[in-house]
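Student: Show me how the following folds:
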Amino acid sequence: MSEQIKLSQEEVQTLTQLQSDQQTLINSFGEVEMQIQLAEIKKDSLVEALTSLKNKEVEVGKTLQDKYGNGTIDLESGIFTKTE
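Tutor: Below is the predicted model of the structure:
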């Protein structure tokens with residue numbers, strides 16, 4: 001049979017505090033991981049929006065090029081200047 005030894009109150013408190021600190025860290029890691037996942041979801045959404053924006057830019061550029069040819073546009077004045 002094994003010998004049983006009673007730990008001091010201080011030892012029990014130290015071990016209890018270590019266990020509590022470990023649980024706090026585990027919870028914090030879980031919260032950080034949740035924030036990372038939410039950030040990844042938001043990032044994916046922003047990448048989709050950027051892709052959509054770039055596709056729209058290409059579409060508008062092609063439409064204007066088909067209509068007016070090659071050139072530059074001054075957005076301030078709304079003037080298209082054809083290049084040769």
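Student: Checking the nearest residue to residue 79 once chain neighbours are set aside next. Helix, strand or coil?
Tutor: Once flanking residues are discounted, residue 79 sits nearest to residue 73: 7.3 Å by Cβ to Cβ, 6 or more residues apart in numbering. (Each C-beta comes from the backbone N, C-alpha and C, glycine too.) Under DSSP: H, G, I helix; E, B strand; the rest coil, the three-state class of residue 73 is strand.
Student: now stretch 50-62, how far from the centre of its chain.
Tutor: How far stretch 50-62 lies from its chain's middle: 23 Å, per Cα atoms, centre = their mean, to the nearest Å.
Student: count of neighbours near residue 73?
Tutor: Number of residues near residue 73 (other Cβ atoms under 10 Å) recorded here: 13.
Student: same check, this time on residue 64
Tutor: Other residues close to residue 64 by other Cβ under 10 Å number 14.
Student: Tell me how far it lies from residue 72.
Tutor: From residue 64 across to residue 72, the span is 11 Å (Cβ to Cβ, to the nearest Å).
Student: what touches both of the two?
Tutor: Shared contacts of residue 64 and residue 72, defined by Cβ atoms under 8 Å, 6 or more residues apart in numbering, comprise residue 80.
Student: Where does the residue most central in space within the chain fall, secondary structure wise?
Tutor: Here the mean C-alpha position of the chain is nearest to the C-alpha of residue 39 (Cα atoms, centre = their mean), at a distance of 3.0 Å. Residue 39 belongs to helix 9-68 when assigned by DSSP states H and E.
Student: So which elements touch that helix?
Tutor: Secondary-structure packing of helix 9-68 (3 or more Cβ pairs under 8 Å, 6 or more residues apart in numbering; DSSP states H and E): strand 79-82.
Student: Pull up the pairing partners for the strand it packs on, direction included.
Tutor: strand 71-74 (antiparallel) (DSSP bridges).
Student: contacts for the strand it pairs with?
Tutor: 64, 79, 80, 81, 82, 83.
Student: Keeping just the C-alphas, turn it into PDB.
Tutor: The C-alpha trace of strand 71-74 is given here as PDB (Å, rounded to 0.1, in the frame of the first residue of the first chain):
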ATOM      1  CA  GLY A  71      -7.200  56.900 -74.200                       C
ATOM      2  CA  THR A  72      -7.200  58.500 -70.800                       C
ATOM      3  CA  ILE A  73      -9.900  59.900 -68.700                       C
ATOM      4  CA  ASP A  74      -9.800  63.000 -66.500                       C
END
